[in-house]
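Visitor: sequence and predicted structure are below.
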Amino acid sequence: MLKRIRIILAFFCFTAITLMFLDFTGTLHHYFEWLAHIQLLPAVMAGNIVVVAVVLLLTLLFGRWYCSILCPMGVMQDLFYKPGLRHRNKKKVRQSAEGTKPMNKLRIAVLAVFVILLVAGVNAVALLIAPYSAYGRIASNIFQPVYLWVNNLLAGVAEHYGSYAFYSADVWLKSGLTLAVAAVTFVVVGFLAWRGGRTWCNTICPVGTVLGFVSKYALFKPVIDHSKCLSCGKCAKACKASCINAKEKQIDYSRCVGCMDCIGDCKQGAVSYQFVGLGKKAAKEVATDTTRRQVIIAGAAVAASSAVMAQEKEIDGGLAAIEDKKIPTRKTPIKPAGSTSVKSFTNHCTACQLCVSACPNGVLRPSGDFGTFMQPEMSYERGYCRPECTACADVCPAGAIKHIAKEEKVQYKIGLALYVADNCVVNRDNVKCDSCFRHCPTGAIVMVPKTAGEDPDLPMTLKVPTIDETRCIGCGACENLCPARPFSAIYVEGREDHLV
Amino acid sequence: MNRRDFLKSLGLGAVATAAVAAGCSSPNETQTEGVALGEVPTDKMTYREDQHGQKVSLLGYGCMRFPTIEGTSGRENDNELDQEKINELVDYAIAHGVTLFDTAPPYCKGRSEEAVGKALSRHDRSEYLISSKCSNFAATMWSREATLELYHNTFAKLKVDYLDYYMLHGIGMPSKDLDGTQLTGMEAFKKRYIDNGILDFLVEERAAGRIKNLGFSYHGDVEVFDYLLSQHDKYKWNHVLIQHNYVDWHHAKQMNERNTNSEYLYTELESRGIPAFVMEPLLGGQLAQLNEHSTAELKALNPSGSVASWAFRFAGNQPGILTVLSGMTYMEHLQDNLRTYSPHVPLSQQELDLLEKIANEYASFSLVPCTECKYCMPCPYGLDIPSVFKHYNTCLNEGKLINDDDLLMVDGDKKKFRKLRREFLVGYDRSVPKLRQANHCIGCNKCLAHCPQGIPIPDKMKEIEQYVEKIKTSF
């Protein structure tokens, strides 16, 4: 019964969170964004004390339910574990009835390094092992493209039947490095789970280590009734956390993720989930050889995958060829409206990629710079930050992009447009062009005669843009719609501090 | 397999499905073993006579949209023309009674005449009539030498020693002189045919028998049309090509201020005994697909006739129409048109009234009068001008544009508004790639000189862009 409840809840949370990363239409976010907001690490980054307190309190009550239900990374490992277990059973390579020993030193060391890196502001490295954002990167970089391709196929069918139920979306490679990181994480975690269950949760994951510590003192736990237990080892052999020692009839509660599998497995009815009160001691610790496991972790990490890159459809003739836009070198990165400043954004963001998945305009993509690695930044060669869209602010669980009202969006100055006269078609092709002027949502572009002294009111006078820095908000409409290619004649520099 | 291939293969499936569906839904047809569509008749084509008593098939094969090996139309891209398929189409047309083939040097990006020559030279010269044009549009071709070269090339490419019909091409279109001066339709005409003595030369060629019939194709400024007809005694026009269909008959001017109703054009020609060639019988394809309501009215009167067949019957209805040109890319189009004219069934008064009613309704929408002739293309900044207009027109025609009342969004209308917005925007992205949509127009005005309909393209693009922006930002 408990197991079934766990499975139902886990299925719901995992599916909902995954769908949120897959959905590009912005529909599901309305219903499920709360699931991202109650993820532990983002809540810590957002300073969301209520969520942190409730999660810790519930862990103190019921053990590590969080890892089995709410954490998408944890649930994903369960998907690998079962087939792996079956495979091992077939090959008669069974899990030990004595379980394995905890690697507490390693766990604490990893957690310590993680915290030190975060405090030191080297988020990019630390966040590689943050569970929710690591899963987010996998979902966003590996699952979403597949989802989009299927969607595009359906859109093709829908188009054929004149239906508007599906519309196609561009699939593009947002960052090769981030994709590589996601692929490596996926392979490593997946392999470890296939081979031995929750190895990752119980050795690497900082959230797992913290919750493991708390859950040692949980009030409700699975307990082995020594009088009924025959030490047959059935429970231990199927334990995904390898935390049951059937010989000694002990469970290591720092690693038990409360999956409740053992309760149903026991034919004697010796395992039950019950109130034990405070201070119940954890299983006795025994030293073990950890080298082999570490070698495997390292080996899998090297096997970086070369995932398939997204290719854009080329256009046929009869039409002028359109050269792809290139990204200008921006001295200051552009961060979304709602992030108050580049610094604040960098400090809060867990690089989970939820905003990148949600951005409907192809603006957000993971950064490749060291200090902000995988954290999103903006660029306008595929689209611009539209005035009616607040998708990224709506979904951010970490408080890196704070909620803003749609009506207020055009007040946030996230960047400033700059003009490069040499690229401008007015100078290059000697034609009239007012694309930037026409598309500026705040009227920040002022057109002046190209040749000083010419009458600006004559229709034949060629005019070039100048920028009213007091009005420009850095949305990138001018840069995106500028006909100059590959480099736009007008581009946006980010602002360190966003003005309102 | 790219998206296009995928869609194409789906399309084949759908054609098959449609054929089955047609078989089920037209019980009025004479049924032969459960098949609704009989064979296309080979001996029932309607023929009209030109000034020399030469019989001409009412359906003329317009050779500006020949298929490419990719299955698209040859005016759209640089893909190689599918000569095998072209031969097949031409053979089929001849076998089913088509005698006239109309081409011009610029058609299919300059490849049409050669393809026509290859296909027709496989037949006896007496089996077909050929029509081509003097297309010296660009100012660089206005010299006598350049135009003569164009003329002689036509013979070489078509592999013939005489032309049955030859036309001054695009009379009435404004143009630009070498120095960039804007020329009116009349000025352009004089530069192209009078100042260089070309028209006199062509009259001599006719006398020499290398041109059997001399005429002109007319677009745009009616002043030039009237002038040329006033010179009929001098030049003895044998035929004139006009834009004619049931919308243009009474509403050409309403749709586009600078156009002239085809009723006037036709009547002027008929009163002088000049037979008319018809172009744009489907108004750039727009009359092949009408809104649901008009389609239902047509189907009620003639359940098995295609929507396009009505337009063809109208175009061929007047006795002074010599031939109706249709640019056919696919066998299905050819077969449908052959059925319509084998034989041509004159429209009854009731049918004419219905078409007039539909035309009235059609013209009352302020559609962009684009006929997808693609003379404006390629836009140097990458826009797909005709496709943008087509999507806008389709939505307008089907009553699917959101007006300002809808935007106010009384609660009850919110759903309708969202549906219309989705249809417009999703449909827009489907029919025009994002980078080729209206918001990428920079207003350079290069297209203005090329549009035979005189559409203020950049202004229209801005209008459409503003509409898109309006519905995107309303939430």
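Guide: Sure thing, it's come through. Numbers count the residues shown, from 1 in each chain, chains lettered A, B, ... in the order given.
Visitor: CA atoms for contacts and neighbours, from now on please.
Guide: OK.
Visitor: does any bit of stretch B:92-109 sit next to chain A?
Guide: No. Applying Cα under 8 Å from any Cα of the partner chain, one finds stretch B:92-109 separated from chain A by no less than 8.8 Å.
Visitor: and the contacts of that stretch?
Guide: By Cα atoms under 8 Å, 6 or more residues apart in numbering or on different chains, the list of residues contacting stretch B:92-109 from outside reads B:40-45, B:56-66, B:74-76, B:78, B:111-113, B:116, B:127-135, B:150, B:154, B:325, B:334, B:338.
Visitor: next one: that stretch to chain centre, how far?
Guide: 14 Å (Cα atoms, centre = their mean, to the nearest Å).
Visitor: residues contacting residue A:356?
Guide: A:140, A:364-366, A:376, A:392.
Visitor: now, among those, which is nearest to chain B?
Guide: Lowest distance from chain B to those (Cα to the nearest Cα) belongs to residue A:392, with 17.1 Å.
Visitor: what's the strand or helix carrying the closest one packed up against?
Guide: Assessed by DSSP states H and E, residue A:392 sits inside helix A:391-395. Secondary-structure packing of helix A:391-395 (3 or more Cα pairs under 8 Å, 6 or more residues apart in numbering or on different chains; DSSP states H and E): helix A:29-37, helix A:354-358.
Visitor: right, so the ones you listed: which one is the most enclosed?
Guide: Of all these, helix A:354-358 has the most neighbours on average by mean count of other Cα atoms under 10 Å in any protein chain shown, namely a mean of 27.
Visitor: got the CA positions of that one in CSV?
Guide: C-alpha atoms of helix A:354-358 as CSV (Å, rounded to 0.1, in the frame of the first residue of the first chain):
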residue,chain,number,x,y,z
LEU,A,354,13.7,25.4,-17.0
CYS,A,355,13.6,29.0,-18.4
VAL,A,356,15.6,28.0,-21.4
SER,A,357,13.0,25.2,-22.1
ALA,A,358,10.2,27.7,-21.6
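Visitor: what lies in contact with whichever helix or strand comes after that helix?
Guide: Once helix A:354-358 ends, the next helix or strand along the chain (criterion: DSSP H and E) is strand A:364-366. Residues external to strand A:364-366 that are found in contact with it (Cα under 8 Å, 6+ apart): A:174-175, A:178, A:351, A:353, A:355-356, A:373-379.
Visitor: so which of those sit within helices?
Guide: Among the contacts of strand A:364-366, the members found in helices (DSSP state H) are A:178, A:355-356.
Visitor: turn the residues you listed into a markdown table, columns for pLDDT.
Guide: Below are those laid out as a markdown table (pLDDT from 0 to 100):
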| residue | pLDDT |
| --- | --- |
| A:178 | 90 |
| A:355 | 92 |
| A:356 | 92 |
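Visitor: just the strands in chain A please.
Guide: In chain A, the strands defined using DSSP state E lie at A:220-224, A:244-245, A:250-251, A:271-275, A:364-366, A:376-378, A:413-419, A:445-449, A:463-467, A:490-499.
Visitor: just name the most buried of those.
Guide: Neighbour counts averaged per stretch over the strands of chain A are highest for strand A:244-245, at a mean of 28; criterion: mean count of other Cα under 10 Å.
Visitor: and stretch B:199-213, which residues are buried?
Guide: B:199, B:202-203, B:206, B:210-213 (16 or more other Cα atoms under 10 Å in any protein chain shown).
Visitor: mind checking how far residue B:284 is from chain A?
Guide: Distance of residue B:284 to chain A, given as Cα to the nearest Cα, to the nearest Å: 17 Å.
Visitor: not counting its neighbours along the chain, what's nearest that residue?
Guide: Leaving out its chain neighbours, the residue that sits closest to residue B:284 by Cα to Cα, 6 or more residues apart in numbering or on different chains is residue B:371, at 4.2 Å.
Visitor: which helix or which strand is home to the one you found?
Guide: Counting by DSSP H and E, residue B:371 is part of no helix or strand.
Visitor: quick check: domain ranges of chain B?
Guide: Here the domain parsing of chain B from automatic domain parsing is B:1-38, B:41-364, B:385-473.
Visitor: can you give me the helices in the stretch 151-300 of chain B?
Guide: Assigned by DSSP state H, counting those that start in this stretch, the stretch 151-300 of chain B shows helices spanning B:185-189, B:198-207, B:222-230, B:232-235, B:248-255, B:262-271, B:292-301.
Visitor: ok, residue B:400 touching residue B:420?
Guide: Yes. Between residue B:400 and residue B:420 there is a contact under Cα atoms under 8 Å: 6.1 Å.
Visitor: which one is the residue sitting nearest the centre point of chain B nearest to, not counting chain neighbours?
Guide: The centre of chain B sits closest to residue B:280, judged by Cα atoms, centre = their mean, with a distance of 3.6 Å. What sits nearest to residue B:280 in space, not counting adjacent residues and going by Cα to Cα, 6+ apart, is residue B:243, at 5.5 Å.
Visitor: distance of that neighbour from residue B:359?
Guide: Separation of residue B:243 from residue B:359 (Cα to Cα, to the nearest Å): 15 Å.
Visitor: circling back to that earlier point, list the contacts of the helix holding residue A:392.
Guide: Applying Cα under 8 Å, 6+ apart, the contact partners of helix A:391-395 are A:26, A:29, A:33, A:36, A:336-338, A:354-356, A:358-360, A:401-404.
Visitor: hmm, try it at 6 Å
Guide: Where contact means Cα atoms under 6 Å, 6 or more residues apart in numbering or on different chains, the residues beyond helix A:391-395 that reach it are A:33, A:355, A:401-403.
Visitor: what's the closest of those residues to chain B?
Guide: Nearest to chain B among these, with distances taken as Cα to the nearest Cα, is residue A:403, at 17.3 Å.
Visitor: can you report phi and psi for residue 48?
Guide: This is for chain A. phi -90, psi 80 (degrees, to the nearest 10).
Visitor: I was thinking of chain B, sorry if that wasn't clear
Guide: According to degrees, to the nearest 10, residue B:48 has phi -120, psi 170.
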